[in-house]
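> from the sequence below, what's the structure:
(4 chains)
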Number of protein chains: 4
Amino acid sequence: MQVSQEIQSIVERTRTLVREVVLPLDDAHDGDIEAAGGDELRTRLQAAAQQAGVFAPHAPVDCGGLGLGMVDRAPVFEEAGYSLFGPVALNINAPDEGNIHLLDHVATSAQRERYLVPLTRGEVRSAFAMTEPAPGAGADPSMLATRATRVDGGWVLNGLKRFITGADGAGFFITMARTSGEPGGAGGATMFLMPASTEGLTVTRHVGMVDTSMIGGHCEVLYEDAFVPDEDVLGGVDEGFRYAQVRLGPARMTHVMRWTGAVRRAHEVAVSYVAGREAFGSRLADQGMVQQLIADSEIDLAATRALLMEACRVLDDGGRGNQQTSIAKTFAAEALHRVADRAQQLCGGLGVSTELPVARIAREVRPFRIYDGPSEVHRWSIARRAVRAITAEQGA
Amino acid sequence: MQVSQEIQSIVERTRTLVREVVLPLDDAHDGDIEAAGGDELRTRLQAAAQQAGVFAPHAPVDCGGLGLGMVDRAPVFEEAGYSLFGPVALNINAPDEGNIHLLDHVATSAQRERYLVPLTRGEVRSAFAMTEPAPGAGADPSMLATRATRVDGGWVLNGLKRFITGADGAGFFITMARTSGEPGGAGGATMFLMPASTEGLTVTRHVGMVDTSMIGGHCEVLYEDAFVPDEDVLGGVDEGFRYAQVRLGPARMTHVMRWTGAVRRAHEVAVSYVAGREAFGSRLADQGMVQQLIADSEIDLAATRALLMEACRVLDDGGRGNQQTSIAKTFAAEALHRVADRAQQLCGGLGVSTELPVARIAREVRPFRIYDGPSEVHRWSIARRAVRAITAEQGA
Amino acid sequence: MQVSQEIQSIVERTRTLVREVVLPLDDAHDGDIEAAGGDELRTRLQAAAQQAGVFAPHAPVDCGGLGLGMVDRAPVFEEAGYSLFGPVALNINAPDEGNIHLLDHVATSAQRERYLVPLTRGEVRSAFAMTEPAPGAGADPSMLATRATRVDGGWVLNGLKRFITGADGAGFFITMARTSGEPGGAGGATMFLMPASTEGLTVTRHVGMVDTSMIGGHCEVLYEDAFVPDEDVLGGVDEGFRYAQVRLGPARMTHVMRWTGAVRRAHEVAVSYVAGREAFGSRLADQGMVQQLIADSEIDLAATRALLMEACRVLDDGGRGNQQTSIAKTFAAEALHRVADRAQQLCGGLGVSTELPVARIAREVRPFRIYDGPSEVHRWSIARRAVRAITAEQGA
Amino acid sequence: MQVSQEIQSIVERTRTLVREVVLPLDDAHDGDIEAAGGDELRTRLQAAAQQAGVFAPHAPVDCGGLGLGMVDRAPVFEEAGYSLFGPVALNINAPDEGNIHLLDHVATSAQRERYLVPLTRGEVRSAFAMTEPAPGAGADPSMLATRATRVDGGWVLNGLKRFITGADGAGFFITMARTSGEPGGAGGATMFLMPASTEGLTVTRHVGMVDTSMIGGHCEVLYEDAFVPDEDVLGGVDEGFRYAQVRLGPARMTHVMRWTGAVRRAHEVAVSYVAGREAFGSRLADQGMVQQLIADSEIDLAATRALLMEACRVLDDGGRGNQQTSIAKTFAAEALHRVADRAQQLCGGLGVSTELPVARIAREVRPFRIYDGPSEVHRWSIARRAVRAITAEQGA
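Coordinates of the predicted model:
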């Protein structure tokens, strides 16, 4: 891929920032962002990113971002992702990054001013509250159980959300609630913008997860008669599922970008390790089974990037890219997991220790096969689209 | 990928030709090209391709080809490959396709006239004689044992070649022979252009192989004091290994293109099959394990094409693309094998029969994991390049 | 596993017979048994096996067999399977082997005399006619469409069977036909003993299959008002599905035994090959990626045998062993396929040729992932049993 | 497998103890044994196991154990392993379990009295100090760098050990030190019994590891002129490598037993989970891709147990079982990892949380592919033995 000089410069500045400023903090706390300082750390790192001119590269220019498209984001996000704390520094972390994208597409100008601008500037964090405990919305969004009831001048929300990333400390929530139909059936959902101070909205607890680099954790959020005025309805009523798709395609791809960076680091650490160790009479890096692990990881990384770029081109061209992003996400989540796992194996005992970053990266990347749609659900969608396409063509 | 209108038109005409003219013959003979008519069939199919304006799309324009670059070739070659006989029709089959590329880069104008032009026009076929029985050149070209000895006005070749595709009936051979050094050590090889009528050059036998769609088979070729005049030395003396690389990178990629077409057919046949069958109370295509097989194949095909296009872009930009073509070839050979195997599984008993084309395609594609460098040798190269690159960067 | 001296002696005599008499014929005809002589060859090989005292080791003693149980059969059948023609020599090939087992359990003494005894002695071959073209009985036996209608003194059968192994030249058929209910629903099937001479029973054609070592091919068999007298009903009316289970469990395991032998040969040939070749400066057998292929195949063979023996012990103890035989069959079919495929890869170009037996063995073993129930159907059964067992235990 | 009534009774008492007493503590502390009480907890749990009559089932009867052989241990150890704390309760945890086995084979009667008896009774814990930081002994024991120098009345040890499981709080160490030759070359090692109070022996730090259920952690241990009197030399001088083999074979197999129990729990939790959840209109447990995950895990567990039992039979029969234990260990470590990973995937978001035990079990079992010899080193050994065996046979 040819990359313009401008993008190359952003990539290099990001690389310098991450290697010199961010990575040492990541390493010192085994990737635990709360232990490393949480929002206080975030503020500090974001100031450094602003100074380096690489802050909010994906955000709209009128909100202070660099306005990069999907293809141009890829190398920048990958460099940022090289440290687990890098995306926080650039303000391109989930869920804020996806929320910026969503608000940019759907928000009214008043909402833009009130929610998008401070979010882009890093003045607040946000959360995207969609998933729920069983039998509510999980991989199957149609099971959405949190309900918004029409009242005078707005809506009242009741329900329980779970695995809400970044909820603790978020300035506002984009909440998905059912405005028509019944769980499991047809019907519509609507998105609501809700400041954290909304009465009846409570972050009840953190759910312990294997990954620890997401600021604000993964929480349960309770809605008890929480009121949302009409001006904070995001987009049209009953249009929530459609907007969620708008958000999801690119959000999956930026996940891939960031985690490709993290996993590349694990791979490079492992390759350096085997290049510097001897056993059984030769350098580990010269032994066939070691070379096979390295080559398989090179192939996985190359295929991840190639599928990512195909999907980004479709998105930049204005396509929905459902099939392409599903394929790229599913492959990437599994491939990156394999690469991180091989890196552990290459490092032997140190690969399952906290002495090297590889076990930490493997731990962080494991959930990606579940987050943003489990591989099984993506495969189901991919197959159904393929069957439709092929039978249509054969029938034609 | 955006494809220009001109390319799209070539693709569509290729598709029509292949589906209407070529495929029925392929199906009628279970992909056995000799049984289907051999060179007589080739002549007929190539006339049809010329009439359709899709003949020799890769060949230089001054030789009567369409002059397409690697990126543009990909969709055309894939359409041609949809039938195992399609590449013969378009004159883009191995080894001729790679030989055209090689001659276009290295031949003198006299050689161009004598060898390249008739080859491009389909007036003759050619063979590329490099590999030898053990302990000669196989995956390790440095073991080259066939020797060319300097004599007055030219060279005399002695040795035995094996697995020489297309040898039986070829009009001429590009023979690789050692002109300095010893097998297993350093030293040089040279390429020689040799008409089939050369005295001392004999196609001694066909080696039975699992694939049957290569015209002229895979043969043993014996050189007994075979004389080559100086004007038929191809390129510089002792430069043969370098030229082989020039030939190999693109040749690997066009293999991928053609076999992607063949395997796509197996996949489409299988998907149509499961879309039309019921068992255990529902359509096979709606059952989860069947959907998983379909989705995995969609992912494999998408990743194959994405890696292919990355490598083609590098080649079109003038790069050597050693790492990219190795990665794309290795991934593709294994992925296409998996897709063909899944297609067999999806079709049940018919998938291991001659009633459907899937078993035939699986049989044809299996050797690709060995041809053009076994996966293991590519992985060895990929790993060595990766270790060098990563340790250089870390050291910097 | 400890093996008694008696069994060890049978094993060794089988080994000698197979290596000295059978294998050369197999190799001379690339495993194509019809090309090698068909029933004429069978008669000759079976005479040799009788002379060696290893004929019909599984058959009941009163019918002239050696009466070995499942555990004792395993090493004998594996040795026989070392050549693709070995099971024919010992009269332990599918479908005869399973039919002998079935008749031994279900046949009346008159049927025993008329059908079992000559079958055991190798005087005739037999076929088991169950599967049908879509939408009939395939992996889902409940879709059985061939129908038996009650008439005076017997039954009249109508329907079409497909993939009937050994049908061409079989002396008699065990035909499964529906005697109550409708395809896809509940209802019963019955087994009928039918001499090949039965009017209205016609072997209409061979279906071309990738495997060629089964004598009598895989055929279509047509039933047009074919009459079966009451004395040739095998077992009770409407009990056919139950008997099919009786036959299937052990039949799956003997398939595993035979194919383990064949695949072991591919593995040994490949290991010998890499032990005798050099490339890139060392013996192939000493290179890491080659060692990985070898080790993975050793593990696959060991696990195949270990699961097989677990299942055989259950069967010898009188258990149904549904879960154990499903697990062993599914694992073995996939593992043996992998081992054969690795053997091909280890042998390079020769591995996809007819110069070595490995490509042939890979071709023969591929259908096992479909024959005797596709892996997907077995996995479905295995999962359902596991869910039932685990939820029952958790609930208790 | 038939299990005697006596063993069955031990199994059931173990199951009851583990489910009622041990598991709740495990769950309450996410498998972190130090957080749960460390040695204080151990004492409590071991008293319960003694009361239940299932304490030290593997230890020699004259030392207070139950004297079970390898085959009989398997189901008991698996039940104990169902909780990560279970092996501590029964005193069958690594490294004590292996040390008991080693001492039982090699110790003098004085050493038996002083070291083995209290260890068997749970009065002390022990450590096995072999591995070292690079460039010392890791997967390649011949690189052993810790050195024992002959002095008057004994030996003086100098060196650094790493990843010494259970070192913190151990009552004594079995230390492996070089007594002849040079690292990387030939030469001999000797085992030394060393009370924790030995002057010059210091546990310098814990190495942070992904697993947390091993009491006493994984530590660095420093030897600075640490003196060992002659009576504490374990076995013969320069015989250490041989004894290490005596210890390793069975130790690998008991690892498999324990971790099979842990992973079975993850599998059962996951199956119960999918049996109780709905999405996309049906129970998760009835969806094909979910069933495939379940079936694959059933197969992996069955094959793990089958290979384990084959190896145990060889060991009980007095064999070294090198090939069998290498194969069983390598397969099991990878299979159990897959089963735990699938259990995570089946549980969706909860599978990467601390709400269910599956993520914890996956974390604990990951290192097994590295501990007791990385898979790559085992494959290297397996392949070398196979090449020797097959070429010997072919040559004969």
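
> check the closest residue in space to residue A:200 that isn't next to it in sequence and give its pLDDT.
Distance criterion C-beta to C-beta, 6 or more residues apart in numbering or on different chains; nearest residue to residue A:200, sequence neighbours excluded, is residue A:226 at 3.5 Å. The way it works is simple: take the backbone N, C-alpha and C, and place the C-beta from them, glycine included. Note for residue A:226: predicted pLDDT of 98.

> residue A:226 contacts residue A:196, doesn't it?
No. Residue A:226 is beyond contact range of residue A:196, at 11.1 Å (criterion: C-beta atoms under 8 Å).

> and the two? Which one has more around it.
residue A:226 (24 against 19; other C-beta atoms under 10 Å in any protein chain shown).

> circling back to that earlier point, in terms of secondary structure, what does the helix or strand the residue nearest to residue A:200 falls within contact?
According to DSSP states H and E, residue A:226 maps onto strand A:218-229. In this structure, strand A:218-229 packs against strand A:154-165, strand A:172-178, strand A:189-195, strand A:201-206, with contacts taken as 3 or more C-beta pairs under 8 Å, 6 or more residues apart in numbering or on different chains; DSSP states H and E.

> looking at these, which is buried most?
strand A:172-178 (a mean of 26; mean count of other C-beta atoms under 10 Å in any protein chain shown).

> name the surrounding residues that touch it.
Taking contacts as C-beta atoms under 8 Å, 6 or more residues apart in numbering or on different chains, the residues outside strand A:172-178 that touch it are A:99, A:102, A:115, A:119, A:124, A:126-130, A:137, A:144-148, A:155, A:157, A:159, A:161, A:164, A:167, A:187-196, A:198, A:201, A:221, A:223, A:228, A:234, A:240, A:244.

> before we move on, back to that, pull up the pairing partners for the next helix or strand after the strand holding residue A:226, direction included.
With elements assigned by DSSP H and E, the helix or strand that comes after strand A:218-229 is strand A:233-234. In the sheet, strand A:233-234 lines up against strand A:189-195 (antiparallel) (DSSP bridges).

> quick one, the partner strand and strand A:154-165 angle?
80 degrees (axes from the mean of the first three to the mean of the last three C-alpha atoms, to 10 degrees).

> which residues of chain A lie near chain C?
Neighbours of chain C within chain A, by C-beta under 8 Å from any C-beta of the partner chain: A:287, A:288, A:289, A:290, A:291, A:292.

> name the nearest of these relative to chain B.
Within these, proximity to chain B (C-beta to the nearest C-beta) peaks at residue A:291, which comes in at 3.6 Å.

> check contacts around that closest one.
A:285, B:379, B:380, B:383, B:384, C:288, C:289.

> show me which of those are buried.
Buried by 16 or more other C-beta atoms under 10 Å in any protein chain shown: A:285, B:379, B:380, B:383, C:288, C:289, out of these.

> what is the nearest of those residues to chain D?
The shortest gap between chain D and any of the buried ones among the contacts of residue A:291 belongs to residue C:288, at 7.3 Å (C-beta to the nearest C-beta).

> does the closest one touch residue A:289 like I think?
Yes. Using C-beta under 8 Å, residue C:288 is in contact with residue A:289, at 4.3 Å.

> any part of the helix or strand of chain A with the lowest mean pLDDT near chain B?
Using mean pLDDT, DSSP states H and E, the weakest-scoring helix or strand in chain A turns out to be strand A:278-279, at a mean of 92. No. Strand A:278-279 lies out of reach of chain B by C-beta under 8 Å from any C-beta, never closer than 14.2 Å.

> helix or strand right after that strand?
strand A:282-283.

> on the pLDDT front, check the closest residue to chain C within the stretch 51-200 of chain A for me.
Closest contact between the stretch 51-200 of chain A and chain C, by C-beta to the nearest C-beta, is at residue A:134 (16.5 Å). Listed pLDDT for residue A:134 reads 91.

> can you name every helix or strand that the least confident helix or strand of chain A contacts?
Going by 3+ C-beta pairs under 8 Å, 6+ apart, strand A:278-279 lies up against no helix or strand.

> strands paired with it, and their directions?
strand A:282-283 (antiparallel).

> and residue A:354, how many neighbours?
Neighbours of residue A:354 (other C-beta under 10 Å): 16.

> distance of it relative to residue D:202?
Distance of residue A:354 to residue D:202, given as C-beta to C-beta, to the nearest Å: 21 Å.

> got any ranges where chain A has weak pLDDT?
A:1-2, A:395-396 (pLDDT under 70).

> tell me which parts of the stretch 1-150 of chain A are close to chain D?
Residues of the stretch 1-150 of chain A lying near chain D (C-beta under 8 Å from any C-beta): A:30, A:131, A:134, A:135, A:138, A:139, A:140, A:143.

> circling back: how far off centre is the strand holding residue A:226?
Remark: strand A:218-229 is offset 22 Å from the chain centroid, using C-alpha atoms, centre = their mean, to the nearest Å.

> ok, of the residues of chain A next to chain C, which one's closest to residue D:18?
Residue D:18 lies nearest to residue A:289 out of these, by C-beta to C-beta, at 37.5 Å.

> can you pull the contacts of the closest one?
C:288, C:289, C:291, C:292, D:376, D:379, D:380.

> secondary structure added to these, as a markdown table?
Listed next are the contacts of residue A:289 as a markdown table, based on DSSP: H, G, I helix; E, B strand; the rest coil:
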| residue | secondary structure |
| --- | --- |
| C:288 | helix |
| C:289 | helix |
| C:291 | helix |
| C:292 | helix |
| D:376 | helix |
| D:379 | helix |
| D:380 | helix |
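
> between these, which is closest to residue A:91?
residue D:376 (41.5 Å).

> now residue A:139. Its backbone dihedrals?
Dihedral pair for residue A:139: phi -60, psi -30, per degrees, to the nearest 10.

> is it true that it touches residue A:377?
Yes. Using C-beta under 8 Å, residue A:139 makes contact with residue A:377 at a distance of 4.6 Å.

> pairing partners for the strand holding residue A:226, with directions?
strand A:154-165 (antiparallel), strand A:201-206 (antiparallel).

> a markdown table for those, including distance to residue D:336?
Rendered in a markdown table, the data for these read as follows (distance: least, C-beta to C-beta, whole Å):
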| stretch | distance to residue D:336 |
| --- | --- |
| strand A:154-165 | 27 |
| strand A:201-206 | 30 |
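
> nearest to residue C:89, out of those?
strand A:154-165 (62.9 Å).

> what angle do that closest one and strand A:172-178 make?
Angle of strand A:154-165 versus strand A:172-178, following the same axes, to 10 degrees, is 110 degrees.

> wait, doesn't residue A:329 sit right on residue A:378?
Yes. At 6.3 Å, residue A:329 and residue A:378 qualify as touching, with contact defined as C-beta under 8 Å.

> so these two - more neighbours on which side?
residue A:329 (27 against 24).

> what helix or strand is that one located in?
Residue-wise, residue A:329 maps onto helix A:322-346 under DSSP H and E.

> quick one: list the elements packing against the helix or strand just after that helix.
Using DSSP H and E, the helix or strand that follows helix A:322-346 towards the C-terminus is helix A:358-365. Applying 3+ C-beta pairs under 8 Å, 6+ apart, one finds that helix A:358-365 contacts helix A:240-275, helix A:322-346.
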